[in-house]
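1. Just need the structure, nothing else, for what follows:
(chains A and B)
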Amino acid sequence: MTQSSPLALRGITKHFGAVAAIERFDLEVAAGEIVALVGDNGAGKSTLVKIISGLYQPTDGEIVLNGAPVTFRDASDARSHGVEVVYQDLALVDQQPVYMNMFLGRELVKGPFRTLDRGRMANETQELVTELDVRIPSPYARLSDLSGGQRQGIAIARATHWASGLVLMDEPTAALGVAETAKVEETILRLKERGAAVLVVSHNLEQVYRIADRVVVLRRGRQIGTRSIAEVEKNELVAMITGLVQ
Amino acid sequence: MTLILDRLRTVNWRDHVVYFAFALVFVYFAITQSDYFLTTSNLTNVIIQAAPITVMAVGTVFVLATGEIDLSIGSTVAVAALVTAKVLESTEAWPLAALAGLATGLVIGLVNGLFVTVVRLPSFLVTLATMGLLVGVARQLTDLKSVPVLDDSFVWLFGGGKILGISIMVWWTLLVVLLGWHLLRQRRFGAHVLAVGNSPAAAQVTGIKVNRVRLKVFMISGATAALAGILYSGRLQGARYTLGESDMMSVLAAVIVGGTALAGGKGAVVGALAGSLLMAMINNGLILAGLNVSQQMIVRGVIILIAVSLSLRAKKSN
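-> As a prediction, this is how the structure comes out:
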């Protein structure tokens, strides 16, 4: 390896009792690369995301971040290593302003009394959303006043802000309409331009072709294959996902 | 500058129903009861009467904002007041007595919180049970007898004292409201309280220790109820098992009218103060208007219904 990639998974295996949810999964995601994780329901995609984000501990195998092997005790441990996840159900608090969501759990404080620094949080939020071209009326806007696409844009901006190079996305557009999906995909592509490594779970093959560089197929916990998007036909991909040869 | 304008635009004016109601009721009584209502002594009296409710309301804001409820505050008042009075009677050391009372509230809050977070029961059921239990404890503690509070320093500090010519009750109210406001609006803890009440799952994934927040709000609630009990015992110069027995409804009404969401995620400490003063002002005005106790209860019930519907309806429609 010439340069250590943001994420490397080596022989990741997860058993729930006698059931093997993931078997010997290997993957490396480079900086500035979007890798899509596809598979049918129950294939193990979400389990894999939960392992990388610390919610589950792998039975066997190794997670390597930027060249250093890591083990996570829980989700906040993973987050302190710069692993950030964007969930389909947003994980935002909708009665709070945008800037508060951006800094949730890591609020900025000022002065000897450690009071909340709302001004700085709002300014940094404004900078970030401008940079990622997420259009919102104001960092002070209440989240419930924003559209689904805007909210997911905020969730992605938040993940980007705190990630040390790796962003995981679990079906980031599953709850969104067509126009909003397009907007969120633009945001994801902008992350790639900034050099982030993105691992995105998606059910939507059209989307995979629009944004991903490579695609990994999981079926019943087994890694069926990893292909470059430019070199894989959609029919072949469907065959890999379903196990049926067309 | 534009940020400030943006901020003003995002203010939801309907969250502030309580201040309009406050102004309206104030003006109404000022006109109809013009001889006495507006006198300084009467207005001070309103704040003094409201002080224990205001103190409890501040604690309740935190509990409701977290999406929980504490029904045991009324009986905590009696137990904490009796413990304080008993310790004062036997040790004659007023700081020790006050601390014992406060500690009683903290322990009750801790127990409530542990049942909610560790045993994982709904707070409604837990505090309904502890409410009943504490009523029994309060009766058992002194065999239904009142305990006199005679220590001069204690009575001055928690009852009849004055600083700069202003009643000590006003100072206590000010202190607790300021502290509550600071905790909810200016500290990370307050942000976490609102996040937990809004979406526990979202709070969890961003690394907020959800159960620790829940535990703390029950302890705050227990502590404010205990302080209310101490203030009652100072003002009335004695403690009795009946103290605080009808306070829970008044506190909830004051807090909800003040703009705190019953479902969590939203809290208003200053609003709770306004709500509490509004209730006290209505009581005061009705007494001045010469209504008897039964009539006062009916009018108060109607006013609470109207005010609560206004503030809850407003929330639904946005």
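2. Helix, strand or coil: sort out the residue nearest to the spatial centre of chain A for me.
-> Per CA atoms, centre = their mean, the C-alpha nearest to the average position across chain A is that of A:Leu168, at 1.8 Å. In three-state terms, and counting by DSSP: H, G, I helix; E, B strand; the rest coil, A:Leu168 is strand.
3. what's near enough to touch B:His182?
-> A:Thr115 (CB atoms under 8 Å, 6 or more residues apart in numbering or on different chains). Every C-beta, even on glycine, is put in place using the N, C-alpha and C of the backbone.
4. Try it again at 10 Å.
-> Contacts for B:His182 (CB atoms under 10 Å, 6 or more residues apart in numbering or on different chains) come out as A:113, A:115, B:190, B:269.
5. same deal with B:Leu178?
-> B:58, B:269-270.
6. if I pick residue 211, what's in contact with it?
-> Defaulting to chain A. A:Ile211 neighbours (CB under 10 Å, 6+ apart): A:34, A:36, A:173, A:184-186, A:188-189, A:192, A:198, A:200, A:202, A:204, A:229.
7. ah, no, chain B please
-> Residues in contact with B:Asn211, defined by CB under 10 Å, 6+ apart, are B:113-114, B:116-118, B:120, B:196, B:200, B:204.
8. again, only using 8 Å
-> B:117-118.
9. Likewise for A:Arg24?
-> A:Arg24 neighbours (CB under 8 Å, 6+ apart): A:11-13, A:61, A:223.
10. quick one: which two of those residues are the most distant?
-> Taking CB to CB as the measure, the contacts of A:Arg24 span a maximum distance of 11.7 Å, between A:Gly61 and A:Gln223.
11. Between those two, which contacts overlap?
-> A:24-25.
12. List only buried entries from the contacts of A:Ile211.
-> Neighbour counting with 16 or more other CB atoms under 10 Å in any protein chain shown marks A:34, A:36, A:173, A:184-185, A:188, A:192, A:198, A:200, A:202, A:229 as buried within the contacts of A:Ile211.
13. In helices only, show me the residues you listed.
-> The helices, defined by DSSP state H, take in A:184-185, A:188, A:192 from these.
14. in the stretch 101-250 of chain B, which spans are helices?
-> Here the stretch 101-250 of chain B has its helices, by DSSP state H, counting those that start in this stretch, at B:123-141, B:152-155, B:168-181, B:188-198, B:200-205, B:210-236, B:247-257.
15. I'd like these as JSON lines, with mean pLDDT appended.
-> Shown next, in JSON lines, are the helices of the stretch 101-250 of chain B (pLDDT from 0 to 100):
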{"stretch": "helix B:123-141", "mean pLDDT": "95"}
{"stretch": "helix B:152-155", "mean pLDDT": "94"}
{"stretch": "helix B:168-181", "mean pLDDT": "96"}
{"stretch": "helix B:188-198", "mean pLDDT": "95"}
{"stretch": "helix B:200-205", "mean pLDDT": "87"}
{"stretch": "helix B:210-236", "mean pLDDT": "96"}
{"stretch": "helix B:247-257", "mean pLDDT": "89"}
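16. would you list the ones you listed in JSON lines and tack on distance to A:Arg210?
-> Shown next, in JSON lines, are the helices of the stretch 101-250 of chain B (distance: least, CB to CB, whole Å):
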{"stretch": "helix B:123-141", "distance to A:Arg210": "47"}
{"stretch": "helix B:152-155", "distance to A:Arg210": "73"}
{"stretch": "helix B:168-181", "distance to A:Arg210": "49"}
{"stretch": "helix B:188-198", "distance to A:Arg210": "33"}
{"stretch": "helix B:200-205", "distance to A:Arg210": "27"}
{"stretch": "helix B:210-236", "distance to A:Arg210": "37"}
{"stretch": "helix B:247-257", "distance to A:Arg210": "49"}
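17. so which of these gets nearest B:Asn42?
-> helix B:168-181 (13.7 Å).
18. which parts of that closest one are buried?
-> B:168-169, B:171-173, B:176-177, B:180-181.
19. of all those, which two lie farthest apart?
-> Pairwise over the buried residues of helix B:168-181, using CB to CB, the maximum falls at B:Ile168 and B:Trp181, 20.1 Å.
20. returning to what we had before: out of the ones in helices among the buried ones among the contacts of A:Ile211, which is nearest to chain B?
-> A:Val184 (18.3 Å; CB to the nearest CB).
21. My guess is the closest one contacts A:Ile154. True?
-> No. Counting by CB atoms under 8 Å, A:Val184 does not reach A:Ile154; the two are 10.6 Å apart.
22. Chain B versus A:Pro172, what's the distance?
-> 14 Å (CB to the nearest CB, to the nearest Å).
23. A:Arg222 too?
-> Counting by CB to the nearest CB - A:Arg222 and chain B are separated by 28 Å.
24. Number of residues surrounding that residue?
-> 17 (other CB atoms under 10 Å in any protein chain shown).
25. How about it: what's its closest non-neighbour residue?
-> Of all residues not flanking A:Arg222 in the chain, A:Glu23 sits nearest, at 5.3 Å (CB to CB, 6 or more residues apart in numbering or on different chains).
26. Do a quick rundown of the strands in the chain.
-> I'll assume chain A. With strands called from DSSP state E, chain A shows them at A:7-16, A:19-29, A:34-39, A:60-65, A:68-70, A:83-86, A:109-110, A:115-116, A:166-170, A:197-201, A:214-219, A:222-228.
27. The intended chain is chain B.
-> B:147-148, B:162-163, B:166-167, B:238-239.
28. is the lowest-mean-pLDDT helix or strand in chain A up against chain B anywhere?
-> Every helix and strand in chain A was compared by mean pLDDT, DSSP states H and E; the lowest is helix A:75-80, with a mean of 83. Yes. Under the criterion of CB under 8 Å from any CB of the partner chain, chain B is reached by helix A:75-80 at A:75-76, A:79.
29. buried subset of the residues you listed?
-> Buried members of the residues of helix A:75-80 next to chain B, scored by 16+ other CB under 10 Å, are A:75-76, A:79.
30. and of those residues, the nearest to B:Gln140?
-> A:Ser76 (44.5 Å).
31. That closest one and A:Ile229, how far apart?
-> Per CB to CB, to the nearest Å, A:Ser76 is found 34 Å from A:Ile229.
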